[in-house]
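*Asks:* Predicted model follows, preceded by the sequence.
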Amino acid sequence: MQLCGICSENLPKYRCPACRIRYCSLGCFKKHKTDDSCQQVKDTTPPVTTPLPEVCASTAEEPWTADDLLDEDSQSDRVPLERLQQLGESEALRSVLQNPHLRQLMMAVDSAEDKAKAMKKAMQEPLFVEFADQCLKIIEPTEEGSDEEC
């Protein structure tokens, strides 16, 4: 079992995009960025990524990979690349993402300190539930709805 590379107390949930060190929280990330030990690591294998729509394109120099977000125990929950590409190609999903209120909700969840609490609050919003349902229709289609474009 691996511990946070900064505090050595908690299980890491994240990985620094520059030096790939694993850390457990925003506090540890900030502490890591303030010291001078963070050095860019050159990866010889290109990460598997999918292009993001313009409305949510990242400004980071290097794209995130699944390894940045998932620990070893979570790898079984990994969504196949083909399904992720279908998310990016879905007209219904693009239509829902045009709503500024939904984008504001998503930014609030993304920037929240307590993401579980923020997600629970967002799931009370019908618009966010509609977005989540659209994503799930693509990621885990039901037998009867698998032929429909989501």
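*Replies:* In hand now; what should we look at? Numbers count the residues shown, from 1 in each chain.

*Asks:* what does stretch 129-147 contact?
*Replies:* 79, 83, 86-87, 90, 92-93, 96-97, 102, 106, 123, 148, 150 (C-beta atoms under 8 Å, 6 or more residues apart in numbering). Glycine gets a C-beta too; all of them are placed from N, C-alpha and C.

*Asks:* Those residues, buried ones only, as a PyMOL selection?
*Replies:* What follows is the PyMOL syntax for the buried subset of the contacts of stretch 129-147, where burial is set by 16 or more other C-beta atoms under 10 Å:
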select buried, resi 86+87+90+93+96+97+102+150
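
*Asks:* Let me know the closest of the contacts of stretch 129-147 to K31.
*Replies:* Comparing those against K31 with C-beta to C-beta picks out M106 as the nearest, at 27.0 Å.

*Asks:* tell me which element A116 is part of?
*Replies:* When secondary structure is defined using DSSP states H and E, the element that contains A116 is helix 115-122.

*Asks:* could you dump that helix to PDB, C-alpha only?
*Replies:* As requested, the backbone C-alpha atoms of helix 115-122 are provided in PDB (Å, rounded to 0.1, in the frame of the first residue of the first chain):
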ATOM      1  CA  LYS A 115     -16.100  16.700  -3.400                       C
ATOM      2  CA  ALA A 116     -18.500  14.100  -2.100                       C
ATOM      3  CA  LYS A 117     -20.600  16.700  -0.300                       C
ATOM      4  CA  ALA A 118     -20.500  18.900  -3.400                       C
ATOM      5  CA  MET A 119     -21.500  16.000  -5.600                       C
ATOM      6  CA  LYS A 120     -24.400  15.100  -3.300                       C
ATOM      7  CA  LYS A 121     -25.600  18.700  -3.500                       C
ATOM      8  CA  ALA A 122     -25.200  18.800  -7.300                       C
END
